[in-house]
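Peer 1: Have a look; sequence and predicted model below, questions after that.
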Amino acid sequence: RTVKVRESVGVVRICNGCSHRLKKMSLNNSRMRIGLTCSFAIAAFVCSAHSATHYVSNTGGNIAPYTNWAMAATNIATTLGVGADGDSICVTNGYYLLGDPLILTNSVMLKSANGAKYTIIDGGNAFCCVSLNNTGAYVDGFTICNGSNRYGGGVYITNGGTIARCVITANQARNGGGIYFGSAGAAVDTVIQCNTSMYDGGGCYMNDGGAITNCHVLKNVTISSGLGGGGGCTVYYNGRIVSSLIESNYSTGAAGGVASYSYVYIDRCIIRGNSHYGSAHYYGGPYVYNTLYERNVSSGVYFEGGIHYYNCTFSGNNGYAMEADLYLHGSSVPGTIMNCIFYPENTHIVAYSVTQPAFSNNYYLDPGFVDIQNGDYRLSAQSSCINGGAYDYWMTNALDLYGAPRIIDNTADIGAYEYYGSDGVVVEQSNIHYAAWNVVSGRTYSVEMATNLFGSWSAIGPEIISASNVIAVQFSNSSYNGYYRIKYIHQ
């Protein structure tokens, strides 16, 4: 009757009145989705009421206290002067050239009516565009551009505050071309692109705290004649980078992607296509989980201090004199590298350090990626890395790069992605459901079922030797309600 084919992730659901698949999450240059909880796009907003709402429009009447569109202020700074804790400032579509920096010192929400695409804040290359100095300060839905400052060209966050759903672009500073985090603060669902620093942190700089979550950091540049670097991000101390894409950044100094001088926490990120001294140049202290390092130029990661890498995947990192996934330099590089995949480079690790990290349960052969040529580094059903990981305490309730639980089938896999089934489709004909999976002809598989998506899986029926490139299973009874996947057994 009806053929239902949706984006495949490998697990299909069969139930009375429904047949659907769990939606695939993807990353690309214009939209990104990382994990089960993050869906990123520069969206439109509705200016909902807070304690009081003040309005800004280039065509407003400019009548205080600016509490409706007819009375709206004609510049943003004016409304910041009347906004109290808990107030909201709503800015309609337009181009706003600043005469002075916008400084938020109380718990005010500054938001656009229709998103960053339509609402532009321009610093005129004269000063920092937006400064936040309150944990309750919130800036939502703007393009912030052409700012210039010693610290934080586009945004300067001192003691807290949040930037959300913004595009921060074409700004410049000595440290933190796009954003500078002083001691706290966050950027979420934000694009940080085409910014420049003259020493550290082309995209963002974290001095003593700060976090970016579900952000896209791309095409930023650090121009440094010394030891500075971090074309994408620099963490001086205690920064967090989570569920973010760091790509195509460049530094003339160290680390095209991420540079850190001390502790940094990185989880569920993709770091790819960054150049000069690799994707990352660490002087010490990184803790990195479930992260993919892909096609970075001049080594994947360059270390001069302690490192801690768990369930990461390294692939295609090369170039210049340091053609390797890991380049260990300095007298002492202690730490742990565990459950990581290194493929397909000839040279995975170059070590010039006396004290080296402990390498535990890593994989250096062909791991059986789904489609390495097109950048799909998930594990295929034939992968030897499935259930090959060693357990560590942090895995409890943790997620993999895809947003699935880190442990499925009671055992962790090796690499950034946990395996949870081959790709499949659901077909419905005359109220009979069929689940079909792409497989390799001549190999042996089993079909497994679970009542809970991340619960216990058990085989249904005998093992199947595939006679073609597809295995299909018929479900005509409501007792088959549940989740289904296919699992490779052997050749």
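Peer 2: Arrived safely, thanks for sending. Residues are numbered from 1 along each chain as shown.
Peer 1: give me every residue that touches the residue nearest the centre of the chain.
Peer 2: Nearest to the mean C-alpha position of the chain, by C-alpha atoms, centre = their mean, lies S244 at 1.8 Å. Residues near S244 by C-beta atoms under 8 Å, 6 or more residues apart in numbering: I34, I212, T213, N214, C215, H216, V217, C269, I270. All C-beta atoms are positioned from the backbone trio N, CA, C, and that covers glycine.
Peer 1: For it, give its distance to T222.
Peer 2: 18 Å (C-beta to C-beta, to the nearest Å).
Peer 1: What are the buried residues along stretch 177-194?
Peer 2: 177-182, 184-194 (16 or more other C-beta atoms under 10 Å).
Peer 1: Where helices are concerned, which of the contacts of S244 count?
Peer 2: If you go by DSSP state H, the contacts of S244 have nothing in helices.
Peer 1: Lowest pLDDT pick from those?
Peer 2: Least confident by pLDDT among the contacts of S244: that is I34, with 32.
Peer 1: returning to what we had before: just the buried ones from the contacts of S244, in ChimeraX syntax?
Peer 2: Provided next is the ChimeraX selection string for whichever of the contacts of S244 are buried by 16+ other C-beta under 10 Å:
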select :34,212,213,214,215,216,217,269,270
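Peer 1: List just the nearest of the contacts of S244 to F142.
Peer 2: C215 (14.9 Å; C-beta to C-beta).
Peer 1: correct me, but the closest one touches I192?
Peer 2: Yes - counting by C-beta atoms under 8 Å, I192 is a contact partner of C215 at 6.1 Å.
Peer 1: Quick check: strands, which of the buried residues of stretch 177-194 are part of them?
Peer 2: I179, Y180, F181, G182, A184, G185, A186, A187, V188, V191, I192, Q193 (DSSP state E).
Peer 1: Quick check: the gap between the fourth one and G136.
Peer 2: Read that as G182. Counting by C-beta to C-beta, the gap from G182 to G136 is 16 Å.
Peer 1: Contacts only, for V155.
Peer 2: V155 neighbours (C-beta under 8 Å, 6+ apart): 128-132, 139, 144, 147, 163, 168, 178-180, 187.
Peer 1: if we go to 6 Å?
Peer 2: Neighbouring residues of V155 by C-beta atoms under 6 Å, 6 or more residues apart in numbering: V130, I163, I179.
Peer 1: Rebuild the residues you listed as CSV, extending it with pLDDT.
Peer 2: Below are the contacts of V155 laid out as CSV (pLDDT from 0 to 100):
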residue, pLDDT
V130, 98
I163, 98
I179, 98
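Peer 1: Just the closest of those to V264, please.
Peer 2: I179 (15.5 Å).
Peer 1: give me the beta-bridge partners of that closest one?
Peer 2: Residues in a beta bridge with I179, per DSSP bridges, are V155, C204.
Peer 1: pretty sure it is touching G202, no?
Peer 2: No - checked against C-beta atoms under 6 Å, the pair I179 and G202 is beyond contact range at 10.6 Å.
Peer 1: what's the distance between T313 and T396?
Peer 2: With C-beta to C-beta as the criterion, T313 and T396 are 21 Å apart.
Peer 1: So these two - more neighbours on which side?
Peer 2: T313 (28 against 10; other C-beta atoms under 10 Å).
Peer 1: Name all residues that make contact with the more buried one.
Peer 2: L292, I341, Y377, G415, A416.
Peer 1: Mind doing that once more with 10 Å?
Peer 2: 270, 290-294, 325, 339-343, 363, 367, 369, 377-379, 385, 401, 414-417 (C-beta atoms under 10 Å, 6 or more residues apart in numbering).
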